[in-house]
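[1] fold the following, please.
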Amino acid sequence: MEPGRLNPPFFLKPAGVQTVLASAGLRAWGENPMVDAAREIILTTGEGVRLLGYMSRQPRPHNKGLVILLHGWEGSSESTYIRTTGRFLFRRGFDVFRLNLRDHGPSHHLNTGVFYAVLLEEVFDAVHQITEAENGRPVFLAGFSLGGNFALRIARKCATQPINSLTQVVSISPVLDPDKATDRIDNSRFILKYFLKKWRRSLSIKQRLYPQHYDFSALMAVDNIREMTERLLARYSPYDSAKAYFKGYALTNNDLRGITVPTTIITAEDDPIISVEDFYDLHTSAATRLMIQPYGGHNGFLEGWRLNGWYEKVMLDAFETA
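    Model (predicted):
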């Protein structure tokens with residue numbers, strides 16, 4: 001049965017509470033059989049890019065299928081929302097693969113080049129490899145925030161380059177207009193501080209590993225994401241501006257009209273990072289279901305004192321129905 005509309009208790013309704021708790025470590029406490037079963041895998045794409053992931057198999061053979069999880073920007077396979085969602089699905093009989101984007105998690109050493117959100121091909125290739133290895137068993141893809149953006153672009157690409165057995169896609173709080181989302185981050189002191197700290201740490205790791213290639217010192221004193229992006233792009237990319245770069249992975253207007261893989265998009269009216277107006281202007285295909293909730297913040301959608309994600313039930317219903 002499909003879950004009803006999200007209506008959290010009063011203490012979980014504020015968008016800030018939902019957004020903070022989405023990544024709060026306390027939600028991941030306790031036993032996690034998915035993590036216990038995890039096996040590290042490094043995938044090498046056709047272009048030679050290496051991506052790190054963790055496969056968790058059920059102890060007994062089954063036909064429920066495999067769920068691939070994609071984290072958000074500066075998150076990882078160890079992000080709370082990835083660990084809790086994976087635990088929920090693993091306990092209900094699914095295998096789970098947690099894929100790290102380039103330079104996320106402990107993967108900075110695997111590639112000389114730095115991460116850019118426009119690098120769809122390597123993530124598409126990785127998802128394709130994972131899916132093909134299942135030999136016809138159903139595979140489901142779920143992404144959060146920037147990972148949700150990747151999931152939608154993968155679903156769109158499947159219209160011309162099908163991935164056999166990719167059965168359902170779910171996108172939680174996806175970034176549609178990164179130019180607008182960057183401004184919203186920069187205008188929120190708490191969220192800006194969070195992302196600045198994580199991005200600076202990531203760039204520091206990359207510079208330490210590849211000092212002959214990178215010197216990010218000119219970025220470290222900058223106090224907003226847009227200017228950091230401008231400086232990074234000017235020195236280490238072919239893009240002449242952040243706006244041009246953001247346009248490379250934006251999903252607006254008719255960009256999702258060609259999706260043929262059954263896809264569910266979940267967003268919240270009160271998301272402090274992603275403007276809900278972006279979704280009102282989005283033209284989707286008949287294979288796409290858009291679920292706009294009044295509450296949920298960014299990546300939250302927590303529905304009770306146990307801090308369980310409402311979207312987990314949406315995923316379960318979509319995957320089991322498929």
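
[2] Three-state assignment for Arg184, please.
    Applying DSSP: H, G, I helix; E, B strand; the rest coil to Arg184 yields a three-state assignment of helix.

[3] now for it, how many residues are close by?
    17 (other Cβ atoms under 10 Å). Every residue, glycine included, has its C-beta placed from N, CA and C.

[4] also Arg102?
    21.

[5] and the closest residue to Ala242 other than its chain neighbours, how far from Leu196?
    Distances taken as Cβ to Cβ, 6 or more residues apart in numbering place Thr229 nearest to Ala242, at 4.5 Å, with adjacent residues excluded. Remark: distance between Thr229 and Leu196 (Cβ to Cβ, to the nearest Å) = 12 Å.

[6] so between those two, which is more surrounded?
    Taking Thr229 and Leu196 together and counting by other Cβ under 10 Å, Thr229 has the greater number of neighbours (23 against 19).

[7] that one falls within a helix, correct?
    Yes: looking at Thr229 with three-state DSSP, it is inside a helix.

[8] got a list of what it touches?
    Going by Cβ atoms under 8 Å, 6 or more residues apart in numbering, Thr229 touches 182, 242, 245.

[9] after the longest helix seen in the chain, which helix or strand is next?
    Counting residues, the longest helix in the chain under DSSP state H turns out to be helix 189-209. Once the chain leaves helix 189-209, the next helix or strand it forms, by DSSP states H and E, is helix 217-220.

[10] which residues in the stretch 101-250 of the chain form helices?
    Using DSSP state H, counting those that start in this stretch, the helices of the stretch 101-250 of the chain run over residues 120-132, 146-157, 178-186, 189-209, 217-220, 225-236, 242-247.

[11] could you dump those into CSV with distance to Ala22 and mean pLDDT added?
    As requested, those are exported to CSV (distance: least, Cβ to Cβ, whole Å; pLDDT from 0 to 100):
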stretch, distance to Ala22, mean pLDDT
helix 120-132, 22, 98
helix 146-157, 13, 98
helix 178-186, 15, 98
helix 189-209, 12, 97
helix 217-220, 27, 94
helix 225-236, 19, 97
helix 242-247, 23, 97
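
[12] looking at these, which is buried most?
    helix 146-157 (a mean of 26; mean count of other Cβ atoms under 10 Å).

[13] give me the residue at the spatial middle of this structure.
    The C-alpha lying nearest the average C-alpha coordinate of the chain belongs to Gly147 (Cα atoms, centre = their mean; 2.0 Å).

[14] ok, it to Gln58 distance?
    In terms of Cβ to Cβ, Gly147 sits 23 Å off from Gln58.

[15] ok, now Thr85?
    Taken as Cβ to Cβ, the span from Thr85 to Gln58 is 16 Å.

[16] okay, these two: which has more neighbours?
    Comparing Thr85 with Gln58 by neighbour count (other Cβ under 10 Å), the higher total belongs to Thr85, at 24 against 16.
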